[in-house]
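Colleague: this one's structure only:
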């Protein structure tokens, strides 16, 4: 059995679509970080996206756990021209609405589709499972990356996956039984 403990990075406080923009996380709530670290398996491997908000969150909860190199394939969806744009000021509101309402192959201008992000993250997860069979892995990543894996574990549509809540510094535990993924816990806040 493989267990992935997906942790969403600390908050950025941005009021815009933040995908590949490298904003830092607010990690000032040290008590919450300590509770989070204590909740996670002490012998798990730790990996994160290479974006600073995920990297620094992983460092804050790592403790004595072994750290794997950051993986850019665990990044958030790339919002392209919509990066750091407020939802209400996007120049193509119909396209943006379709992006969220019918996630799939539609991408932001110069950005990435849901299906593209899902394939990228799923490939990274398969590589991690193959490289570390049976190990618990703490993956510090982003809401979109986590939701791609929730979609697989729950066997739901991308639209239904978007309806799931993934709070900052929450844990989503997914288990692979050798044949398929199962969701043990989604959006748990220790």
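Modeller: Arrived safely. Source: prediction; values computed, not measured.

Colleague: all strands in the chain, in order from the N-terminus.
Modeller: 2-8, 45-48, 136-141, 171-176, 181-188 (DSSP state E).

Colleague: Which pLDDT does the model give residue 91?
Modeller: Residue 91 carries a pLDDT value of 86.

Colleague: Sorry, slip of the keys, the one I care about is residue 26.
Modeller: 98.

Colleague: Test my guess that it contacts residue 32.
Modeller: No - at 10.8 Å, residue 26 does not count as touching residue 32 under the criterion of Cβ atoms under 8 Å. The C-beta positions use only the backbone N, C-alpha and C, and glycine is treated the same way.

Colleague: quick one: average confidence on the longest helix that the chain contains?
Modeller: Taking DSSP state H as the criterion, the chain has its longest helix at helix 114-131. Averaged across helix 114-131, the pLDDT comes to 98.

Colleague: What lies in contact with that helix?
Modeller: Helix 114-131 is touched from outside by 2, 4, 47, 68, 71, 73-78, 99, 103-107, 112, 137, 139, 141, 144-145, 148-149, 151-152, 158, 176, with contacts defined as Cβ atoms under 8 Å, 6 or more residues apart in numbering.

Colleague: How far off centre is it?
Modeller: Offset of helix 114-131 from its chain centre (Cα atoms, centre = their mean, to the nearest Å): 11 Å.

Colleague: Now do the buried residues in it.
Modeller: For helix 114-131, a neighbour-count test (16 or more other Cβ atoms under 10 Å) marks 114, 117, 118, 120, 121, 122, 124, 125, 128 as buried.

Colleague: export those residues to TSV and tack on distance to residue 14?
Modeller: Formatted as TSV, those follow (distance: Cβ to Cβ, whole Å):
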residue	distance to residue 14
114	21
117	19
118	23
120	22
121	21
122	26
124	24
125	26
128	28
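
Colleague: Among these, find me the one that's closest to residue 42.
Modeller: Distance to residue 42 across the buried residues of helix 114-131 (Cβ to Cβ) is lowest for residue 128, with 18.8 Å.

Colleague: Quickly note the distance from that closest one to residue 83.
Modeller: 27 Å (Cβ to Cβ, to the nearest Å).

Colleague: same question, residue 154
Modeller: Counting by Cβ to Cβ - residue 154 and residue 83 are separated by 28 Å.

Colleague: same check, this time on residue 59
Modeller: Residue 59 is 24 Å from residue 83, where distance means Cβ to Cβ.
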